[in-house]
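> Pasted the sequence and its predicted model underneath.
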Amino acid sequence: MKYTVSIDINHPIDRVIELFDNEENMFDWMEGLESFERLSGEPGEPGAKSKLKFKTKKREIEMVETIEEKNLPLSYKMTYEAKGVLNRINNRFESIDKNTTRYSTDQEFEFKGALKLMAFLMPGAFKKQSKKYLNDFKQFAESQN
């Protein structure tokens, strides 16, 4: 499954990237993120691996993030691997004007086992969650000076 979601943020591109590229900020906008543990590599650079743990109402999810490419603002590619799913994301930032930045994510999912069926039956749930993260980041970013 592949799709793209975008949102406009009322901040200059340099400020948006500064906020996005700070791992400590993830706890302020990624709902359910309980822990972020560096596994290997230089923080925020290609090849870096980290373990993320999320807790939702119904379950706990553990995934490994690998940074594949960092060429901000044009691309920041990463993969997330969890039980039964691989998610590839390319984050892109575009200056709309001096005070507005478009943040887009290109998402690609590969599923295994029971998650294949769930993805087939409920593809909108994944896009909805991706859009929620963009909205949450927008709210966080716009609350910062």
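Cool, the structure landed. None of these values were measured; they are calculated from a predicted model. Numbers count the residues shown, from 1 in each chain.
> hey, where'd the strands end up in the chain?
For the chain, the strands defined by DSSP state E occupy 2-9, 33-40, 49-55, 60-71, 75-82, 85-97, 100-111.
> what helices or strands is the last one leaning on?
It refers to strand 100-111. strand 2-9, helix 13-20, strand 85-97, helix 114-121, helix 123-142 (3 or more C-beta pairs under 8 Å, 6 or more residues apart in numbering; DSSP states H and E). Yep, even glycine has a C-beta here, placed from its N, CA and C like the rest.
> could you redo the last one with a cut-off of 7 Å?
Contact partners of strand 100-111 among helices and strands, from 3 or more C-beta pairs under 7 Å, 6 or more residues apart in numbering; DSSP states H and E: strand 2-9, helix 13-20, strand 85-97, helix 123-142.
> out of these, deepest packed?
Using mean count of other C-beta atoms under 10 Å, the stretch among those with the largest mean neighbour count is helix 13-20, at a mean of 18.
> Tell me how far that one lies from the chain's centre.
14 Å (C-alpha atoms, centre = their mean, to the nearest Å).
> That one to strand 75-82, inter-axis angle?
Here helix 13-20 runs at an angle of 20 degrees relative to strand 75-82 (axes from the mean of the first three to the mean of the last three C-alpha atoms, to 10 degrees).
> which strands and helices sit next to helix 13-20?
Counting by 3+ C-beta pairs under 7 Å, 6+ apart, helix 13-20 packs on strand 85-97, strand 100-111.
> now the ones you listed in TSV, with mean pLDDT?
TSV is the format used below for the helices and strands packed on helix 13-20 (pLDDT from 0 to 100):
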stretch	mean pLDDT
strand 85-97	96
strand 100-111	95
